[in-house]
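**Student:** Requesting a structural model of the entry that follows:
(4 chains)
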Number of protein chains: 2
Amino acid sequence: MFSKTCEYAIRAMIFIAQRSKTGDRVGIKEIAKAIDAPEHFIAKILQDLSRKGLVQSLKGPTGGFFLEEEFSQCSLADIVTAIDGDKLFTGCGLGLRNCNEKKPCPIHDEFKKVREDIYNMLEAGRIGEFSKQLEKNLTFLKR
Amino acid sequence: MFSKTCEYAIRAMIFIAQRSKTGDRVGIKEIAKAIDAPEHFIAKILQDLSRKGLVQSLKGPTGGFFLEEEFSQCSLADIVTAIDGDKLFTGCGLGLRNCNEKKPCPIHDEFKKVREDIYNMLEAGRIGEFSKQLEKNLTFLKR
DNA sequence: ATAATAGAAGATAAAAATGTCTTTTATTAA
DNA sequence: TTAATAAAAGACATTTTTATCTTCTATTAT
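**Tutor:** From the prediction side, this is the model:
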């Protein structure tokens, strides 16, 4: 469904959101350990998200990644779009470039419904909410 | 959503189904042209589906791929499972191996619903039906 | 039987995704 | 101001996916 990159991104964001509530900033190493992801790889991904403004960071001692309050309401759809683009939401299920309402692929209509469900789910899912569940130890991020 | 391999497989199956109604057998070249896919690649895929019994074939002159009547009711889910496995239907949205009801990932419940929708859609979608739409030129398979 | 046809199979290649390593730059605590 | 820290950036490596090429084998029409 999502690329691995995107899976890591979502997991990292939820973890960072949880830790940011207490004003903490978290380093790459801690994040990598917490979500069981390759350190340098997750660094790349977060730098990307940082450039795109979805997460904040500071260099130097006491530095690290964090989420400002307003950004903790960022949705899963925001992250997926930033990493994987919007092809999951708009692309043809059979990979046809020219597929559209007027000239649909055979599974076009069936697919549209599912795509919309996925989008609504991802749009409704807020990072801040997931991090609350994580905090209560109701959910987990390690593979 | 699906691998390219799987997209090609679905498109090829729908095309073969449509041509099989008149008892025709279609060669790789014709299939590749009809669905705009790399010839040798689609050959590999169909050989795989043939081994798994989802499509039939005959070598030699007048040979080619075809779908026996009973197999035209094969579902999209059958094809997706044969090619991509069942991770789309059963896997964790965040790629966590240990994610389950008792120890769920943060988006587990939200995801389950969507996954079920996808499965139901793919299970309900029958190759034979799609090929009818294709025959009426209501849908297309070329990218 | 033979030649033509067409799928089967394996080797190879190219591209994309994923993962690792090293150096540089910015920041801050002391 | 300096040393330590941590992100930023780019090069490099590996793996997986996608695609291509060549040879082999089965089938059938003649």
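**Student:** Any regions of chain A where pLDDT drops low?
**Tutor:** The model of chain A has no residue with pLDDT under 70.
**Student:** What segments of it are helices?
**Tutor:** Along chain A, counting by DSSP state H, helices occupy A:4-20, A:28-35, A:39-51, A:76-84, A:87-90, A:108-124, A:127-135.
**Student:** could you check the angle helix A:127-135 makes with the fourth one?
**Tutor:** Read it as helix A:76-84. 100 degrees (axes from the mean of the first three to the mean of the last three Cα atoms, to 10 degrees).
**Student:** Any idea how far helix A:76-84 is from the middle of the chain?
**Tutor:** Its chain's average C-alpha position is 5 Å from that of helix A:76-84, according to Cα atoms, centre = their mean, to the nearest Å.
**Student:** Would you check how far apart the closest residue to A:Ile107 other than its chain neighbours and B:Tyr119 are?
**Tutor:** Spatial nearest neighbour of A:Ile107, chain neighbours left out: A:Gly93 (5.3 Å); criterion: Cβ to Cβ, 6 or more residues apart in numbering or on different chains. The C-beta positions use only the backbone N, C-alpha and C, and glycine is treated the same way. Distance of A:Gly93 to B:Tyr119, given as Cβ to Cβ, to the nearest Å: 14 Å.
**Student:** Those two: which is more packed in?
**Tutor:** Neighbours per residue (other Cβ atoms under 10 Å in any protein chain shown) separate A:Gly93 from B:Tyr119, with A:Gly93 holding more: 24 against 19.
**Student:** Please give me every residue in contact with that one.
**Tutor:** A:Gly93 is in contact with A:Cys105, A:Ile107, A:His108, A:Glu110, A:Phe111, A:Arg115, B:Met1, B:Phe2, B:Glu7, counting by Cβ atoms under 8 Å, 6 or more residues apart in numbering or on different chains.
**Student:** Go again with 10 Å.
**Tutor:** Contact analysis of A:Gly93 by Cβ atoms under 10 Å, 6 or more residues apart in numbering or on different chains lists A:99, A:105-108, A:110-112, A:114-115, B:1-2, B:6-7, B:10, B:76, B:121-122, B:125.
**Student:** before we move on, the earlier item: deepest in the core, which of the helices of chain A is it.
**Tutor:** Comparing the helices of chain A by mean neighbour count (mean count of other Cβ atoms under 10 Å in any protein chain shown), helix A:4-20 ranks first with a mean of 24.
**Student:** and stretch A:65-72, is it in reach of chain B?
**Tutor:** No: residues of stretch A:65-72 contacting chain B under Cβ under 10 Å from any Cβ of the partner chain: none, with a closest distance of 13.4 Å.
**Student:** Output the helices of chain A in a markdown table; the columns should cover distance to B:Gly27.
**Tutor:** Listed next are the helices of chain A as a markdown table, based on distance: least, Cβ to Cβ, whole Å:
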| stretch | distance to B:Gly27 |
| --- | --- |
| helix A:4-20 | 38 |
| helix A:28-35 | 49 |
| helix A:39-51 | 44 |
| helix A:76-84 | 37 |
| helix A:87-90 | 32 |
| helix A:108-124 | 28 |
| helix A:127-135 | 51 |
